[in-house]
Structures are given as C-alpha cells and as structure tokens.
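*Asks:* Build me a model:
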Amino acid sequence: MKSVTKNIKNKTNKDAARFSLWNFWIAALMLKLLLIPDYFSTDFDVHRNWLAITNKLPLREWYYENTSQWTLDYPPFFAYFEWFLSQFVPKFVKEDGCLDILPEGEFGWSTIVFQRLTVIISEILLFVVLQVFINNSGSNEKTQSFVVASSIILSPGFLMIDHIHFQYNGFLFGILIASIVAAKNKRYLLCGLFYSIALCFKHIFLYLAPCYFVFLLRAYVLNFQDFKFKSYKDLILVVQWGNLMKLGGIVVCVMGVCFGPFWRDMNQLLSRLFPFSRGLTHAYWAPNFWAIYSFVDKMLSILFVRVPFNKFINLDKIEERKRWNNGSRGLVEDVFFVILPQIQPNLTFVLTLFYQVLAVVPVLFDPSFKRFIGSLTLCGFASFLFGWHVHEKAILLVIIPFSFLVVCDRRLLSSFMLVGSAGYVSLFPLLFKGQDFLLKCLYLIVWCIIYFFAFRKTIKLSSSVQRRVFFLDRLTIIYIFSLFLMVILIEMIDLFKNRFVVLQKFEFLGLMVYSVYCSLGIISSWIGLSWLYNFDEPLWMPKGGV
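*Replies:* Coordinates of the predicted model:
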C-alpha cells in the first residue's frame, strides 16, 4: 500500500514538473531584462505621467489634470494601480523626474529601469493564473492546456506591446483569463467577479460584456432544466433569484468600489474613457474592416482624378477633401473620406452590436464552455473589425480567447493560424527601430513554427472533414508565407527610402500595406470561425477538448 501511494506521489510530482510554467518564466525573464534598454513608445511617458498624477494630486483631480497631453484615460482601478506603484518609487528615481508633472517627461535611466521592472513583476499574475488553469485541467486535457498556456505566456504580442513598446497588458489579461478559467470550472460567481475587476482596470474589455452577460445569465441565473411552462407567469419561476442577487451584488460592489469615489465627476471621467473625437481610425490603421474601407476610398480618389469622370464627379470637391485628413497621413483626428460615405460612431456601434448579438444568441440555448469561449472570441472579432478608433493592440482581445478555443477541434486551427500570424505581424510597425527587425521577425517565426505545430499535434480531427481542413490549411500556409515576404519587402523599402526621392513621397505606403494585407487574413479568420460557429453544430457538442 505504501509503495502504491509513493508511486502516485512520484507520478504527481513528475506531472507537476512536466507541466510547470516557471521554467518559461525564467527564460522569458532573461529576455525581458535584456530588452530594458530597448526602444519604448510614448506610452512610457503616458504611464510615467499617470504615476505622477496619482502620486501628487488628490483623487478628485486625477481625471481633470491636463498639464501633459497624456491625460489619465483608463478606469479608476488602473489609476489605483498606478498610485500603488508610485508608493514604491525609490528616492533616486523620484529625483530622476519620475514623479514630476510636466508637459513632456524628463527622465533618465533609473526611471526606465523602474517602470520596466513594474511590467515584468506585474506579469507574474498571468503566470499564476495560467498555472492554475493547467493544474485544474483533467488528466486527458493537461497537454492541450499546457500548450495553450505556454503559447499565451510566450505570446509575441505581450513581448512587443509590454516589454518593448511599453504597456501592462500581461497582468490585465491575467485577470480576464482568470474569469475564463472560472467559467470553465463552472465557478460563475468568480467568473463575474474577475470580469468586473478586469473591466474596471481596462475599459476595452467592455467589448466582451455581451458574451459575459448572456453566459452568466443563462448558466447561473436562469434554470430551464426540467421546467414545464403552463403559462407566461411561470417565466418568473425560471429566474433563480438568489443567484441573481449574489451575482448582481458582486458586480455592483466592484463597480461601487471602482467608480464610487468619482460619482460627482462621472461626466468628466466618462469623457476621458470614451473620446469619440479621436476619429474612426488610429494614426496607424488597425487591420480591420475600416482599413479596407479607407484603402478603397484612397484608390478611388486616385482613379477618379486620373480618369475623366467630370460629368459625374465634382473634381474640385475631391481635391478639396484630399487636403483634409483622408486617413493616409498618420494623423489622430477625424477622417474625411474623399469618395465613399463618411462613417459616424453610431454606425460602428450598430455593426459591432449586430455581430456580437449573432455571437451570443447560441449561448442562450447552449451555455457550455465551448460556446462561451467561441462567443467571446467572436465578440472580440466584432469589436476589432467594426469598432470606432480601434488600436492595433486590440487584436489581443481575439487571439487570447481563441487560444482556449482552438484546441476543441482541428477545423478551428486554420482560422487561429490566420489571426495569430496576421494579428501579430500587424503589431510590427509599433517597433519602428531598425534593430528590432530581426528580433520581432525571428521571435514570431519561431513562435508560429512551435505552436502551430504543437496545436496540430494535440488537436483531434474528425476523418469526415479531413480533406476540407487540409485544403484550408494549405491556403492558410500560403498566406502566412506571403505575409513574411510582405514584411521583408516593406523593410527593404524603408531601408532604401532615404536614397530614393520617389520612395519618400509614399511615407505611409508601408503602414498601409501592413494594415490592408493583415486585415485580409484577420477578416478571413473571422469568416471561417463564424461559419463553424453558426453552421457546424457537431463541433460544439460536449465531447473531448478543453
């Protein structure tokens, strides 16, 4: 008996070591420490300024302070987080200018090291959550869960955005993933708690709210099992009022702690969180539907000037509009289309909501984890493809949930490979320094080779759809290869830009090619997943997979 117990313990210890993420953390830590002196974006001074604001000013003034153009525009929980970090700023870092409120930050090496280290340390939360995800997986699922978790830990997106460009997405997505893990384990109150906390840290997670609302309502609040309706009054009995009160109480308490201190200044706070005056597209077009729309408008404006359409088009009006911001000059302001109709925020809201409704309706009938994570991914897709002033970094809202979904069936792999490769390549322009070219390319190529192969090996495939999947796989591989050829071509153009005057006239050309070509892959991925989600019912049946 003792020998049996000892063997079980030894096996458990071996499995724990085999599926541990901490070796990845140590390896990743070495790379991140080496990246400390690398290029960082204006987001670095954004967060430095937020440290200063929350440290030097009383709470009520946080969302009014505007000495710098980098005003506080994240929800209060993130402001509290910045205040918390500011309490640990060493004296010599303060003397370096880390906590000075200035129009433009003046800081040195010590501030850079301190802020870089805060990102690295805060990301430990992501490792902990994903390790819990692996540990709570069944014995038949651990390999798949380990592949999912390690792919997220080593995500090129987190490396490029957080540890070079500079943000705090690692620990923020750690909180969101905690809600996903809770949903998988049917811990619905924890799911609602973690999502509410994540939302109060970063309001971009609001795009996922329809999915969470419908899933928690259907899985935890409404009870349709073995219930026979005799009249419409019986609908009241479907609601589990105790569960509704507990879930609602958790959400209200989290929101109260977050926004309560600012209730008198709520209008000012909301104006910071939702600045619709920034225009439809970002300075660098996010690779979504509006990038295609802007590209078509640009091509039509060139065509209509060169081809004699004088009888039908007012060319003077076209030339006048081209002098405005037509989206191809990298300006953060309202975009005016030359030929195509102007896009208003209301239209982007309607389109986003429409496709999100299509994604959440199946969850009403089947509140399984597969349906939930599929709906979550499609909600992220809809917000990224049709939202107003979408940042290219928002592609993580798609790739991270999709990582949990792809292991359900091989048929999902083509869509995942498309959005993974195109989405991460679309982040390359964030790192515009020449020395980062090899790093971002080699890291992404290695990540794609390892994890696309690992997912293919660990995901089961039904023989009835084998031919169709392999055909789509070949098209996907062709696109991915051409994607990296496009990157090399654009980098070569940038390399010789200073030598040829003709290339200097098309300064935005490289960004446009990145946006348009990556958007083709991301939109194709969305169409493929949407088709499987809505029309391939057997895929979503409760059998195998994570």
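*Asks:* residues in contact with the helix or strand hosting residue 189?
*Replies:* Element membership of residue 189, judged by DSSP states H and E, is helix 188-201. Applying C-beta atoms under 8 Å, 6 or more residues apart in numbering, the contact partners of helix 188-201 are 74-78, 81, 172, 175-176, 178-180, 182-183, 205-206, 208-209, 212, 216, 219-220, 243, 246-247, 250-251, 254-255, 258-259. To be clear about C-beta, it is placed using only N, CA and C from the backbone, and glycine gets the same treatment.
*Asks:* now do stretch 46-57
*Replies:* 62, 65, 68, 70, 72, 74, 79-80, 82-83, 85-87, 89, 98-102, 105, 107, 111, 115, 166-168.
*Asks:* Write the PyMOL selection for whichever of the residues you listed are buried.
*Replies:* Buried residues within the contacts of stretch 46-57, by 16 or more other C-beta atoms under 10 Å, are selected in PyMOL with:
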select buried, resi 62+65+68+70+72+74+79+80+82+83+85+86+89+98+99+100+105+107+111+115+166+167+168
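*Asks:* nearest spatial neighbour of residue 175, skipping sequence neighbours?
*Replies:* The shortest distance from residue 175 to any non-neighbouring residue, by C-beta to C-beta, 6 or more residues apart in numbering, is to residue 198 (4.2 Å).
*Asks:* What is the burial count for the one you found?
*Replies:* 25 (other C-beta atoms under 10 Å).
*Asks:* Convert the C-alpha atoms of stretch 121-133 to PDB, please.
*Replies:* In PDB, the C-alpha atoms belonging to stretch 121-133 read as follows (Å, rounded to 0.1, in the frame of the first residue of the first chain):
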ATOM      1  CA  ILE A 121       6.800  41.900 -11.900                       C
ATOM      2  CA  SER A 122       3.100  42.600 -12.500                       C
ATOM      3  CA  GLU A 123       3.100  39.900 -15.300                       C
ATOM      4  CA  ILE A 124       3.600  37.200 -12.700                       C
ATOM      5  CA  LEU A 125      -0.100  37.300 -12.200                       C
ATOM      6  CA  LEU A 126      -0.500  36.000 -15.700                       C
ATOM      7  CA  PHE A 127       1.800  33.000 -15.000                       C
ATOM      8  CA  VAL A 128      -0.100  32.200 -11.800                       C
ATOM      9  CA  VAL A 129      -3.500  32.200 -13.400                       C
ATOM     10  CA  LEU A 130      -2.400  30.000 -16.300                       C
ATOM     11  CA  GLN A 131      -0.600  27.600 -14.000                       C
ATOM     12  CA  VAL A 132      -3.900  27.200 -12.100                       C
ATOM     13  CA  PHE A 133      -5.600  26.600 -15.400                       C
END
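*Asks:* how far out from the middle of the chain is it?
*Replies:* Computed by C-alpha atoms, centre = their mean, to the nearest Å, the chain-centroid distance of stretch 121-133 equals 17 Å.
*Asks:* how close does the residue nearest to residue 175 sit to residue 53?
*Replies:* From residue 198 over to residue 53 the distance is 22 Å, taken as C-beta to C-beta, to the nearest Å.
*Asks:* out of the contacts of helix 188-201, which are buried?
*Replies:* Buried, going by 16+ other C-beta under 10 Å: 74-78, 81, 172, 175-176, 178-180, 182-183, 205, 208, 212, 216, 219-220, 243, 246-247, 250-251, 254, 258-259, out of those.
*Asks:* what number of residues lie near residue 411?
*Replies:* With other C-beta under 10 Å as criterion, residue 411 counts 22.
*Asks:* likewise the one 10 residues further on?
*Replies:* A count of neighbours around residue 421, defined by other C-beta under 10 Å, yields 27.
*Asks:* again, but for the one 10 residues further on
*Replies:* Each residue near residue 431 was counted by other C-beta under 10 Å, and the total is 19.
*Asks:* which residues does it contact?
*Replies:* 39, 160, 164, 165, 439, 440.
*Asks:* Next, give me the two most distant ones among the residues you listed.
*Replies:* Greatest spacing in these, by C-beta to C-beta: 165 and 439 (12.5 Å).
*Asks:* Looking at the two now, which is surrounded by more residues?
*Replies:* For residue 165 and residue 439, the more surrounded residue by other C-beta under 10 Å is residue 165, and the numbers stand at 21 against 18.
*Asks:* looking at it, that one is touching residue 43, isn't it?
*Replies:* Yes: using C-beta atoms under 8 Å as the test, residue 165 is close enough to residue 43 to be in contact (6.4 Å).
*Asks:* State the phi and psi torsions of the nearest residue to residue 275 once chain neighbours are set aside.
*Replies:* Nearest residue to residue 275 in three dimensions, chain neighbours excluded: residue 73, at 7.0 Å (C-beta to C-beta, 6+ apart). Residue 73 has phi and psi values of phi -140, psi 30 when expressed as degrees, to the nearest 10.
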